[in-house]
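Enquirer: how would this look folded up:
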Amino acid sequence: MRIFIDADACPVKDETYKVGARYGLTTTVVSNSFIAIPPSKLIDRMIVDAGPDVADDWIAEQCRPGDLVVTNDIPLADRVLKAGGTPIAPNGRLFTADSIGSALAQRSIMEHIRSTGEITGGPRPFAAADRSRFLQALDEAVNRERRKRR
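Expert: Have a look, this model is predicted:
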């Protein structure tokens, strides 16, 4: 079991490092540019080429059953699920096989609305409660995967 962070603009990197360290899991920070990481044998950095979806492609190719992926990217979350991994959004939202279809549909609708010039306002600001929900969701996901392996 490993943790991957879709790191460009991820607000919960530090929290992910802490959970990874608690359970002795390797955490790989994937980005299009240099991102500082704490010195740890359990934290790796992968800098991929710039371009749309390059980091997502790398994560999807590396993801195996039982791996955890921290991402806000819904198409990447779909690919992670298909690979047998568990995608978790920084706000603690756990993407599942049951929820990914509606998430993809909602994303498509919002893209269409924005393409017409409509101003949609964007996501709400990231809050302390989101950080707390994320920590709980990540911890629960790690423990769920650990139970599967017993």
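
Enquirer: mind checking how far stretch 51-69 is from the chain centre?
Expert: With CA atoms, centre = their mean, to the nearest Å as the basis, stretch 51-69 stands 9 Å off its chain's centre.

Enquirer: same deal with stretch 88-105?
Expert: 11 Å.

Enquirer: for that stretch, which positions count as buried?
Expert: 88, 89, 90, 91, 92, 93, 94, 95, 100, 103 (16 or more other CB atoms under 10 Å). Backbone N, C-alpha and C define where each C-beta goes, glycine included.

Enquirer: Show me which residues of stretch 73-83 are buried.
Expert: So, applying 16+ other CB under 10 Å, buried residues of stretch 73-83: 73, 74, 76, 77, 78, 79, 80, 81, 83.

Enquirer: Over to the residue nearest to the third one when sequence neighbours are not counted: give its phi and psi.
Expert: Closest residue to residue 76 in three dimensions, ignoring its sequence neighbours and counting by CB to CB, 6 or more residues apart in numbering: residue 56, at 4.3 Å. With angles defined as degrees, to the nearest 10, residue 56 sits at phi -60, psi -40.
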